[in-house]
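1. Coordinates for the following, if possible.
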Amino acid sequence: MPTDPPRHFDRNRLPPGVAPTAPGDPEQIGPYRIVGRIGAGGMGVVHAGLDAQEGCAAVKTVHPHIAADPDFRARFAREVDLVARVDAACTPGFLGADVEAEAPWLATEYVPGLTLGQYVRGNGPLTGGRLTAFAAGSAEALTAIHAAGVVHRDLKPGNVILSPGGPKVLDFGIARAVDATALTATGGLFGTPGWIAPEQYAGEDATDRSDLFAWAGLVLFAATGSEPFGRGAVDEVARRTRTEEPDTGDLPVELAEIVDRAFAKNPADRPTAEEALATLMGEWSATQVEPPAETEPTRVVPVLLEREWRGISAPDPVPTGRRYGRARWFAAAAGALVLVVLVSAVLGLRGGDSPGGGAGEEADGGEGEASGEQDEPAVQTDPEDIGAVIADAVAVASGAESFDARVARHTNETGDRAIFSYRYTEDPEPAYSETMLAEGRENGYTAFGPDLDDLVGISELPEDEGERVYYRDDELADVEPMDEWEREVDRLESVAAEDAEVEYQGHGQVPADIIPEDTGPENPRPDSSQRPGHHYTGTMPDVWWDREQDEVEFDLWIGDNGHPVFLETVEYTDEVTTQPAFGPSGEEVVLEYQSRIDFAPFDGPVEIERPDESEIQDGAPDG
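-> You can find the predicted model right below:
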């Protein structure tokens, strides 16, 4: 029962996480009018496109220098053939492709909604009929995938979207045809630790039964919110997978038996996807007052979804005033980024659910290897392709599951200086903290909850002797969480603007003295001298003062992994008079304004203190 594609791609109102088109993006690809950009990487771009009937599509293209390789074209054509062969209610629809075009492209259905991981974190586990529908729908998708001769090989919570019409199994990024492996790299262990079957750790190739092992983990995660073999070091997770049995005691009885069978250590003891689906459909049909007229399991799935899949909605489109970041719609944003990237290994794409290479569960692009080679970021394949390099960096900065960044701002004429701290984590639930350290005092706010709508102010007064005061105040209602962080990411994005001038300075070590030492009282910055990267300098448009300015000088370092490391900008306001950014004087001056953004490593552990209700006072403290 494929749902009608959403019809809300618009240049002024895009789904959360879908960015406006970037400089140089085409206006038309095949029959699709391009209105946005969904993801980008070292090998290609995913565009948001509209067909003649205004239907939405995810349109993937490859960079020209990649498309010129005959071997790559052959592989691309093979992957397109695989995508076209998979047809199910719970997989995204294939819309079309042109493998002979100068820039080959593939269009698939755009799927709105949160990933399973995002939904469970924000709303809790699935229960009742929705859980049954999820188990059956994902089994139906695997049945179709396997019938087409494909093994998914990376089934996990970040690769299933809970769309309004049902679960959709996405990202065949490291899929391969069972009967044609000549074009597929060998020798690596593909997949995500914790979602890999035991035999894969032993060096065996993944099969359809390996997918069933991962499917069992998905159903258990959907029902409990817990990963079947926990988290931790790869070696420890691998040991648990090979030797321990997951706890399925909380599963409903109608699911427990088939899930236990799918968790068998021996692949031969696991059911096929078709067998799992038939079992689930038989159990469900037996409970219905009016059983479906159809008895073929794949034909019963749409009936089950219609009756049981309720209360799941997609995020609404938002104005495009902010290109990246999560802001007040965070919980919905990353889900909209996760697309039908069925050939992402071929394209090497990274985006946000996936949302970004190295951005965690939903932001790691869906593919990857537990060992072996990873897709190279654009900064390694072509460091002078600044558009692709910045697209990677922005995807990481806007889609990470955690970050801990510092920004030092300095006005030369007045000597005013402040250190800003931007910290975010999704573990164990979304939390964001933004503070400013100036004149020895820290002030700001912290936000909690799935949509970051619980805002608590932070203040340090002189008499507090460094102790924080937490408060709730009506003025906090106007605060947009992560709004300032988005502007820092906008600043990074402006390096690739059409009117920016960029010079590549080569590869080396980030100088130790460019990262300010006094970057706040918590979490000292990593040793910058140990961070190798690619160095860029030049001028770019202003994105901070919301006014025209001839040029803003910048100095940028991008790490070898494609992550942003450091960005310094110097803005001369020789024709504009403004208030000092900081300081008590209020004197109007002409500024040379310097900003140093230290993009700390992303997706590491970040702890954000959430005060007890007893510690939060009503109203901002005096002074």
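
2. okay, CA-based contacts and neighbour counts for the rest of this
-> Will do.

3. Going C-terminal from the helix or strand where Ala418 lies, what's the next secondary structure element?
-> Ala418 is located in strand 417-425, with elements delineated by DSSP states H and E. Counting by DSSP H and E, the next helix or strand C-terminal to strand 417-425 is strand 431-438.

4. neighbouring strands for the strand holding Ala418, and are they parallel or not?
-> strand 402-411 (antiparallel), strand 431-438 (antiparallel) (DSSP bridges).

5. so how far is it from its chain's centroid?
-> Between the centre of strand 417-425 and the centre of its chain there are 22 Å (CA atoms, centre = their mean, to the nearest Å).

6. contacts for that strand?
-> Residues outside strand 417-425 that contact it (CA atoms under 8 Å, 6 or more residues apart in numbering) are 401-411, 430-439, 485, 518-520, 582, 605-608.

7. swap the cut-off to 7 Å and go again
-> 401-411, 431-438, 485, 519-520, 582, 606 (CA atoms under 7 Å, 6 or more residues apart in numbering).

8. Likewise for stretch 218-236?
-> By CA under 7 Å, 6+ apart, the surrounding residues in contact with stretch 218-236 are 120, 124-127, 131, 135, 156-157, 193-194, 217, 237, 240-241, 246, 248, 251.

9. next one: stretch 601-621
-> So stretch 601-621 is contacted by 359-360, 400-403, 425, 431, 470-473 (CA under 7 Å, 6+ apart).

10. Over to stretch 194-209?
-> 146, 151, 153, 155-156, 189, 210, 213-214, 229, 237-238, 241-242, 265, 267, 270, 272.

11. Recalculate using a threshold of 8 Å.
-> Here stretch 194-209 makes contact (CA under 8 Å, 6+ apart) with 146, 150-156, 189, 210-211, 213-214, 217, 227-231, 237-238, 241-242, 265-268, 270-273.

12. I'd like the contacts of stretch 601-621 laid out as TSV, including distance to Val489.
-> Converted to TSV, the contacts of stretch 601-621 look like this (distance: CA to CA, whole Å):
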residue	distance to Val489
Ala359	15
Gly360	18
Ala400	12
Glu401	15
Ser402	15
Phe403	13
Thr425	17
Ala431	18
Tyr470	28
Tyr471	28
Arg472	28
Asp473	28
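
13. which one of those sits closest to Ala500?
-> Ala400 (25.9 Å; CA to CA).

14. what's the distance between the closest one and Ala393?
-> Distance, Ala400 to Ala393, by CA to CA, to the nearest Å: 11 Å.

15. again, but for Asp404
-> Distance from Asp404 to Ala393, counting by CA to CA: 15 Å.

16. again with Glu245
-> Taking CA to CA as the measure, Glu245 falls 39 Å from Ala393.

17. thinking again about what came up before, for the contacts of stretch 601-621, pick the one with the most neighbours.
-> Most neighbours among the contacts of stretch 601-621, by other CA atoms under 10 Å: Ala400, with 31 neighbours.

18. where does the stretch 51-200 of the chain have low pLDDT?
-> Scanning the stretch 51-200 of the chain with the threshold set as pLDDT under 70 gives 171-190.

19. Model confidence score at Val219, please.
-> Note on Val219: pLDDT of 97.

20. For the strand or helix carrying it, which residues meet the burial criterion?
-> Assigned by DSSP H and E, Val219 belongs to helix 208-224. Within helix 208-224, the residues that qualify as buried by neighbour count (16 or more other CA atoms under 10 Å) are 208-224.

21. Asp404 and Ala393: who's more crowded?
-> In terms of neighbours (other CA under 10 Å), Ala393 is the more surrounded of Asp404 and Ala393; the figures are 30 against 23.

22. Provide the secondary structure category for that one.
-> Assigned with DSSP: H, G, I helix; E, B strand; the rest coil, Ala393 falls in the helix class.

23. what residues go with each domain of this protein?
-> Following the assignment in automatic domain parsing, the chain carries domains at 13-109, 114-320+327-379, 398-598.

24. got these as JSON lines, with distance to Asp385 columns?
-> Shown next, in JSON lines, are the domains of the chain (distance: least, CA to CA, whole Å):
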{"stretch": "domain 13-109", "distance to Asp385": "9"}
{"stretch": "domain 114-320+327-379", "distance to Asp385": "7"}
{"stretch": "domain 398-598", "distance to Asp385": "10"}
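
25. who wins for proximity to Gly387 among those?
-> Of all those, domain 398-598 comes closest under CA to CA, at 5.4 Å.

26. where does the stretch 501-623 of the chain have low pLDDT?
-> 511-531, 543-550, 571-593, 600, 623.

27. Going by residue numbers, what spans are helices in it?
-> In the stretch 501-623 of the chain, no helices are defined using DSSP state H, counting those that start in this stretch.

28. In PyMOL, how would I select just the buried ones from the contacts of stretch 218-236?
-> Filtering the contacts of stretch 218-236 down to the buried ones (16+ other CA under 10 Å) takes a single PyMOL command:
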select buried, resi 120+125+126+131+135+156+157+193+194+217+237+240+241+246+248+251
